[in-house]
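# Give me the fold of what follows.
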Amino acid sequence: MAQGVGAPKLQWRWQGHAIAYRQQGEGGVPLVLIHGFGAHSDHWRHNLPVLAQQHRVYALDLLGFGHSDKPRDPELYRFETWAALVHDFVREQVGEPVVVIGNSIGAVVALQVAVSYGELVRGVGILNCSLRLMHERYRAQGSLVQRWGTPLLQRLLGWRPLGWLFFAQVARPRALRRILQQAYGRREAVTEELVQLLLEPARLPGAVDVFLAFIQYSQGPLPQDLLPQTACPVWIAWGAQDPWEPIALGRQLADYPCVRQFVALPGLGHCPHDEDPQRVNELILGWLAEVGNFQGKGGDVIGTVELNGAL
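Residues are numbered from 1 along each chain as shown. Next comes the predicted model:
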């Protein structure tokens with residue numbers, strides 16, 4: 001069990017697949033946490049116990065990730081599939097509308113749930129949303145390298161022997177540590193515990209196929225497609241030192257009517273909830289207090305906030 005996680009990993013059956021999750025806490029606003037690409041529910045190990053002191057909290061391993069099943073059908077690894085999974089989980093395991101909070105691709109999943117199944121979503125929290133900059137629509141507007149180079153790389157990695165070789169190089173402690181140190185603004189947060197908890201599921205059968213299926217996925221929704229259709233309040237926090245999802249582009253998401261607040265987090269990178277959990281936990285608890293008073297659909301933009309060290 002990962003340090004900081006007080007609840008055992010449970011299992012739920014969804015369309016014949018085993019889905020792993022953790023649950024902790026009672027009362028308050030029910031909350032579902034959704035991890036990013038390559039991560040799983042233990043990436044919330046420093047958040048779940050704290051949030052559970054006031055709320056009933058669930059952290060899922062999406063189909064294909066963590067200790068959930070990893071079927072080889074590449075068409076399963078789509079935002080619509082994951083949104084349907086979350087919808088069914090909320091109906092069967094939670095039993096009432098929830099707040100969904102996601103990091104990276106988990107934020108896109110959260111928005112897709114809010115758009116497709118709005119009756120079950122009270123609010124959405126976004127932490128460094130994946131902007132999906134390799135999407136085919138971005139490529140069409142980009143340079144020659146983007147238009148031709150990215151699809152070529154995707155096709156090469158789609159060739160199974162080369163894809164497996166690439167994954168084998170990435171799924172090593174030294175390589176993963178280097179990637180995390182690039183993504184995290186606080187390098188000291190990249191601990192041996194973090195490296196090992198992310199590597200463990202990467203060694204399970206099917207993990208390579210999921211990795212290769214998703215890196216070839218350049219279609220589907222972008223955040224700017226989903227936000228105009230989102231009726232519930234949305235809160236956004238962004239690690240300002242994220243090298244993968246630039247905050248300048250992230251700020252543009254605050255222009256949509258459903259977004260209540262955009263919070264910049266100086267010094268943090270792509271995974272602020274793991275880099276500075278105390279700061280992010282307090283931020284989330286503040287959001288949840290507002291959601292508890294939410295009576296209508298949508299919301300006005302409160303504004304943008306710069307946090308200099310503490311909330």
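# Can you report phi and psi for the residue nearest to W12 when sequence neighbours are not counted?
Leaving aside its sequence neighbours, W12 sits nearest to I19 (Cβ to Cβ, 6 or more residues apart in numbering; 4.9 Å). C-beta here means a position set from N, CA and C on the backbone, and glycine is covered the same way. With angles defined as degrees, to the nearest 10, I19 sits at phi -120, psi 120.
# so what's I19 up against?
Each residue near I19 by Cβ atoms under 8 Å, 6 or more residues apart in numbering is listed here: Q11, W12, R13, L60, D61, L63, S68, D69, L85, F89.
# burial measure for the fifth one, as a count.
Close neighbours of D61, defined as other Cβ atoms under 10 Å, add up to 25.
# cool, the third one as well?
Burial measure for R13: 10 neighbouring residues, criterion other Cβ under 10 Å.
# now it: how far from W238?
Distance from R13 to W238, counting by Cβ to Cβ, to the nearest Å: 36 Å.
# With the second one instead?
Distance of W12 to W238, computed by Cβ to Cβ: 31 Å.
# same check, this time on I101
14 Å.
# which residues do those two both contact?
By Cβ under 8 Å, 6+ apart, I101 and W238 have these common neighbours: L127.
# Buried ones in stretch 45-54, by neighbour count?
Residues of stretch 45-54 classed as buried by neighbour count (16 or more other Cβ atoms under 10 Å): R45, H46, N47, L48, P49, V50, L51, A52, Q54.
# So between W12 and W238, which is more surrounded?
The neighbour count for W12 versus W238, taken as other Cβ under 10 Å, is higher for W238 (28 against 18).
# just checking, the more buried one is part of a strand?
Yes. When DSSP: H, G, I helix; E, B strand; the rest coil is applied, W238 is found to be in a strand.
# How many neighbouring residues does H17 have?
15.
# Bridge partners for it, pull those for me.
Beta-bridge pairing of H17 under DSSP bridges involves W14.
# In a strand, F65, correct?
No. Judged by three-state DSSP, F65 forms no part of a strand; its state is coil.
# Need the pLDDT of the spatially most central residue of the chain.
By Cα atoms, centre = their mean, the chain has its centre lying nearest to G106, at 2.4 Å. pLDDT, the model's per-residue confidence, is 98 for G106.
# That one and L165: what is the separation?
Separation of G106 from L165 (Cβ to Cβ): 28 Å.
# and what of D88?
As for D88, its distance to L165 is 36 Å (criterion: Cβ to Cβ).
# between the two, who's got more neighbours?
A direct count of neighbours by other Cβ under 10 Å for D88 and L165 places D88 higher, at 16 against 12.
# Give me the spatial nearest neighbour of that one, chain neighbours excluded.
Closest to D88 by Cβ to Cβ, 6+ apart is W14, at 6.0 Å.
# okay, now that neighbour: neighbour count?
Look at W14: counted by other Cβ under 10 Å, it has 16 neighbours.
# ok, N47 - contacts?
Counting by Cβ under 8 Å, 6+ apart, N47 has contacts L33, H273, P277, V280, N281, I284.
# Closest to E188 out of the residues you listed?
Distance to E188 across those (Cβ to Cβ) is lowest for P277, with 13.1 Å.
# longest single helix anywhere in this structure?
In the chain, assigned by DSSP state H, the helix with the most residues is helix 277-292.
# Hmm, Q169 and A175 touching each other?
Yes. A175 sits in contact with Q169 when judged by Cβ atoms under 8 Å, with a separation of 6.1 Å.
# which phi and psi does E245 have?
Torsion angles, degrees, to the nearest 10, at E245: phi -120, psi 90.
# picking that back up, that's a helix at the residue nearest to the centre of the chain, yeah?
Yes. If the criterion is three-state DSSP, then G106 is within a helix.
# Per-residue pLDDT of A207, please?
In this model, A207 is scored at 89, pLDDT.
# Next up, phi/psi of it, please.
According to degrees, to the nearest 10, A207 has phi -60, psi -40.
# Distance of it relative to H40?
According to Cβ to Cβ, A207 and H40 sit 11 Å apart.
# Between these two, point out the one with more neighbours.
The neighbour comparison of A207 against H40 (other Cβ under 10 Å) goes to H40, with 25 against 19.
# residue contacts, the more buried one?
H40 sits next to A20, D61, L62, F65, G66, H67, S68, L197, L198, P201 when contact means Cβ under 8 Å, 6+ apart.
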